[in-house]
Every structure is written in C-alpha cells, then in structure tokens.
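J.: Attaching a predicted model along with its sequence, questions to come.
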Amino acid sequence: MRLFDFIERLVTWEATTDEKIMGQARELIRIATNGNPPPLLDPFAGGGSIPLEAQRLGLEAHASDLNPVAVMINKAMIEIPPRFADRPPVNPRDRKGLFTTEGRVDTDPPAQRS
C-alpha cells in the first residue's frame with residue numbers, strides 16, 4: 001500500500017470511527033519511528049485540532065497558546081477527557097441499567113441487547 005493511498009483513506013469522514021484504519025495509522029507511525037514516536041508540540045494550538053488528532057493516533061501531545069480562551073479550549077479537549085476514559089457515565093439517566101442489582105457493572109446493558 002502506498003502512503004498517499006493510505007492517507008487518502010485516513011482523512012475521510014468515515015475513517016474517524018473506523019478502528020481498523022486508525023490502528024493501521026498507529027502501526028505505521030510506530031514503524032516509521034522505530035517504536036519511539038516523538039511527542040508533538042503545537043505552540044499556537046488555537047482550537048486544539050492538531051493535538052487532538054495526535055492523541056487519537058497515539059502520540060503524546062502538548063499544546064499552548066497566548067490566548068487564554070484557546071488555552072481553556074485545549075485543556076477541555078486534550079487534558080480532561082483522557083482522565084475520564086473508560087469510566088461509567090455520571091449522568092443518572094445514562095447510568096440507569098448500567099449496573100446489576102448487586103452493584104457490579106452489567107456486561108450486557110439494555111442498550112446493547114438485541
């Protein structure tokens with residue numbers, strides 16, 4: 001597969017949720033960097049799209065900006081969400097049905113049952 005062909009597939013809207021393509025991208029990055037990808041620094045990150053995409057590709061991302069509003073946007077987009085990854089929702093409506101009567105996480109919640 002040629003690199004440009006892969007990039008053409010990677011940048012499509014449908015690829016944003018395609019774990020197979022994202023996994024291939026992460027693997028290509030590991031191969032290209034001998035398993036040691038460098039951290040990404042975006043000194044003028046603005047809305048934070050570059051650091052966010054770097055995180056999605058498995059890179060360590062650092063962002064800064066002179067605008068305090070942009071700094072808060074970046075903090076909300078790239079620092080806070082990873083802290084809560086793989087945790088149950090805090091919204092009572094979304095938590096309902098997530099746990100069994102014994103208090104354990106239901107591995108087959110109603111939303112997933114067919």
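T.: Nice, I can see it.
J.: Low-confidence ranges, the protein, go.
T.: Where the chain drops to pLDDT under 70, the residues are 1, 89, 92, 94-114.
J.: Domains in it, by residue range?
T.: As assigned by automatic domain parsing, the chain contains the domains 1-37, 39-87.
J.: Which stretches in this structure count as helices?
T.: 3-10, 19-32, 49-56, 68-74, 80-83, 92-95 (DSSP state H).
J.: for Asp86, what are its contacts?
T.: Going by Cβ atoms under 8 Å, 6 or more residues apart in numbering, Asp86 touches no other residue. From N, CA and C alone the C-beta is placed, and that goes for glycine too.
J.: now it: how far from Asn74?
T.: For Asp86, the distance to Asn74 equals 22 Å [Cβ to Cβ, to the nearest Å].
J.: quick revisit: just so I know, which of the domains of the chain lies nearest Arg93?
T.: The closest of these to Arg93 is domain 39-87. By Cβ to Cβ, the value is 16.4 Å.
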